[in-house]
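Student: Provide a 3D model corresponding to the input given below.
(2 chains)
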Amino acid sequence: GNSVTQMEGPVTLSEEAFLTINCTYTATGYPSLFWYVQYPGEGLQLLLKATKADDKGSNKGFEATYRKETTSFHLEKGSVQVSDSAVYFCALSGVLTGGGNKLTFGTGTQLKVEL
Amino acid sequence: SAVISQKPSRDICQRGTSLTIQCQVDSQVTMMFWYRQQPGQSLTLIATANQGSEATYESGFVIDKFPISRPNLTFSTLTVSNMSPEDSSIYLCSVRKGAYNEQFFGPGTRLTVL
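Tutor: Numbering: from 1, shown residues only, chains lettered A, B, ... in the order given. Presented below is the predicted three-dimensional model:
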C-alpha cells in the first residue's frame, strides 16, 4: 500500500537558516504529492503540490521537487522566519486502484524557528 | 480552493454522551472527508462522505460510533457517539477539489472527553 515517511522532529532552527524536511514515499502508479502546514491551533493548509515527476511545487518561499528516481519530495526554504513555526505534513494522493481518492499522510515534522 | 467552516470549534464533553460536528463548505463538492488527529499525531481518515450515498468507513471505524450525514453538496455532519476519553482528538473535515485530488481542510473541532 501507499506510505509516506518523514524525518522526525522537532526541528529547531535560528531565523534565516536554511530548512530541509525530508519526505520519501512508497506508492503504486503515479501519485500526486503535497505538503501541508498546520499552524498552532489551526487546521491544515495546503502549502504546495507537484503532480508529476520533476515538477517543482513552490509557495511562500517553500519549494519541493518530485523526484521519482529517489521517491522523494523534500521540503526546502532558503531563509526561515519565526512565523514558519508549525507542523509540516507530507502527503500523497493515490491515483490508481488501491490508492483511490485518499490522501496518505506522513507523521508530521514540527518546526521551531527561534530568534 | 475552498472555504470550510466547522462547528463547534471546541467542546468538552462527558463520557457516554454524543457530539455532532458540522462542516459547511462555500461551494458544492462531491466528496467530503472526515479525519481524526489525536494529540501530537498525524491524520487518520475516518470516512468518506458522498452526497446521496452512505459514507464509506475506513478500517477501525464503524457507523454506529461515527454516524455521518451528507444531506447536500455543501454540508456534512459527523457524530461521535457514546464518547470515552480515548475519543479526545481534533476532528477535521476536508473536501476534494481540483484535478489532482487536492484536499482543503476545515479549522478542526477540538474535542476533550472527561
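Student: Return the distance of the closest residue in space to residue B:12 that isn't next to it in sequence relative to chain A.
Tutor: Counting by Cβ to Cβ, 6 or more residues apart in numbering or on different chains, residue B:12 lies nearest to residue B:112, which is 4.7 Å off, once chain neighbours are set aside. No exception for glycine: its C-beta is placed from N, CA and C like everyone else's. Using Cβ to the nearest Cβ, to the nearest Å, one obtains 14 Å as the distance from residue B:112 to chain A.
Student: For residue B:112, which three-state class applies?
Tutor: Residue B:112 falls in the strand class when you classify it by DSSP: H, G, I helix; E, B strand; the rest coil.
Student: show me the contacts for it.
Tutor: B:10-13, B:88 (Cβ atoms under 8 Å, 6 or more residues apart in numbering or on different chains).
Student: Is it possible to get TSV of these that adds pLDDT, secondary structure and neighbour count?
Tutor: Formatted as TSV, those follow (pLDDT from 0 to 100; DSSP: H, G, I helix; E, B strand; the rest coil; neighbours: other Cβ atoms under 10 Å in any protein chain shown):
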residue	pLDDT	secondary structure	neighbour count
B:10	96	strand	11
B:11	97	strand	14
B:12	97	strand	11
B:13	96	strand	16
B:88	96	coil	16
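Student: any idea which of the residues you listed is closest to residue B:105?
Tutor: residue B:10 (16.1 Å; Cβ to Cβ).
Student: gap between the closest one and residue B:65?
Tutor: According to Cβ to Cβ, to the nearest Å, residue B:10 stands 21 Å off from residue B:65.
Student: what does the helix or strand of chain A with the lowest mean pLDDT rub up against?
Tutor: The least trusted helix or strand in chain A, going by mean pLDDT, DSSP states H and E, turns out to be strand A:103-105, with a mean of 89. Under the contact criterion Cβ under 8 Å, 6+ apart, strand A:103-105 has outside partners A:2-4, A:27, A:34, A:36, A:89-94, B:42-43, B:45, B:101, B:103.
Student: Low-confidence regions, the chain specifically.
Tutor: Looking at chain A here, since you left the chain open. A:95-101 (pLDDT under 70).
Student: Not quite, go with chain B.
Tutor: Counting by pLDDT under 70, chain B contains no low-confidence range.
Student: which parts of it sit against chain A?
Tutor: B:1, B:4, B:31, B:41-43, B:45, B:48, B:92, B:94, B:96, B:100-108 (Cβ under 8 Å from any Cβ of the partner chain).
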